[in-house]
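# My questions are about this predicted structure, shown below with the sequence.
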Amino acid sequence: MVCLACLLPLFLVPIVNLLPLLFDIIMAKVYALFGWEYRKPVRTPPACPIKPTAPKKDGTVGEGDAPAVPESTGKSPEVVADKKDN
């Protein structure tokens, strides 16, 4: 004999996966009653939960600085160079 609680996930998972599709079908029917057109929302693709790690440099992790990014002042380089000369 197999426990019924053990078989529940076998039937529950496909039903849960169909819920968004069933929601779209039901909403389309409700909108049709009012004479409107139901457009399915754009769904984003699932993101990977595991983020890639930073590449190792010489076999050490965490040492070394990140490459420096110059800060933007919002002014042209000539104006910034003139202020440094003064």
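That came through fine.
# pLDDT on the single longest helix found in the chain, on average?
When every helix of the chain is counted residue by residue (DSSP state H), the longest turns out to be helix 4-34. In this model, helix 4-34 has an average pLDDT of 86.
# and it, what does it pack onto?
Packed against helix 4-34, as judged by 3 or more CB pairs under 8 Å, 6 or more residues apart in numbering; DSSP states H and E, are no other helices or strands. Glycine gets a C-beta too; all of them are placed from N, C-alpha and C.
# burial count for the nearest residue to Ala28 once chain neighbours are set aside?
Leaving aside its sequence neighbours, Ala28 sits nearest to Tyr38 (CB to CB, 6 or more residues apart in numbering; 4.3 Å). Using other CB atoms under 10 Å as the criterion, Tyr38 is surrounded by 15 other residues.
# So what touches stretch 16-25?
Applying CB atoms under 8 Å, 6 or more residues apart in numbering, the external contacts of stretch 16-25 come out as Tyr38, Lys40, Arg43.
# Return the closest of the residues you listed with respect to Leu10.
For the contacts of stretch 16-25, the minimum distance to Leu10 (CB to CB) is 25.5 Å, reached by Arg43.
# what's near enough to touch that closest one?
Arg43 sits next to Pro20 when contact means CB under 8 Å, 6+ apart.
# Backbone dihedrals for it, please?
Phi and psi for Arg43, reported as degrees, to the nearest 10, are phi -100, psi 140.
# Show the pLDDT at it.
For Arg43, the model assigns a pLDDT of 78.
# try Asp82
Reported pLDDT for Asp82: 57.
# Kindly reformat the contacts of stretch 16-25 as a markdown table containing distance to Ile26.
Below are those laid out as a markdown table (distance: CB to CB, whole Å):
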| residue | distance to Ile26 |
| --- | --- |
| Tyr38 | 10 |
| Lys40 | 12 |
| Arg43 | 17 |
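# Relative to Phe23, how far out is the residue nearest to Ala28?
11 Å (CB to CB, to the nearest Å).
# Cys6 too?
Taking CB to CB, one finds Cys6 at 29 Å from Phe23.
# More neighbours: which of those two?
Taking other CB under 10 Å, Cys6 and Phe23 do not tie; Phe23 has more neighbours (11 against 8).
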